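Novice: sequence and predicted model, in that order:
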Amino acid sequence: MPANPQTNPTRAALETAVLDLTDDEIVEALLRRPRNDIKDAFEARGAYAWPGEAKRNVLAALARRLSSGRAPSSR
């Protein structure tokens with residue numbers, strides 16, 4: 001998905017790189033976080049339902065989080 005040509009080149013490059021991520025790459029990145037709450041919940045959901053369903057649930061939750069706007073950093 002090409003970036004808008006009126007966008008700053010560095011922002012366009014960042015957006016292009018992020019938009020090129022696959023669903024698998026996004027989920028894998030979230031599962032590598034130092035805090036394992038996402039991984040634990042993902043594995044429990046995958047054991048209960050299909051692993052593909054667990055992946056869709058992670059992506060749906062991420063979409064809801066992104067649509068809710070900015071959140072304060074936990075750091």
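Specialist: Received the coordinates, thanks.
Novice: give me the contacts around stretch 27-43.
Specialist: 21, 54-55, 58-59, 62 (C-beta atoms under 8 Å, 6 or more residues apart in numbering). C-betas here are computed from N, CA, C, even on glycine.
Novice: tell me what the helix or strand hosting Leu62 is packed against?
Specialist: If you go by DSSP states H and E, Leu62 is part of helix 51-67. Helix 51-67 sits against helix 23-31, helix 37-48, with contacts defined as 3 or more C-beta pairs under 8 Å, 6 or more residues apart in numbering; DSSP states H and E.
Novice: measure the residue nearest the centre of the chain to Tyr48 for me?
Specialist: Nearest to the mean C-alpha position of the chain, by C-alpha atoms, centre = their mean, lies Ile26 at 4.5 Å. Remark: distance between Ile26 and Tyr48 (C-beta to C-beta, to the nearest Å) = 21 Å.
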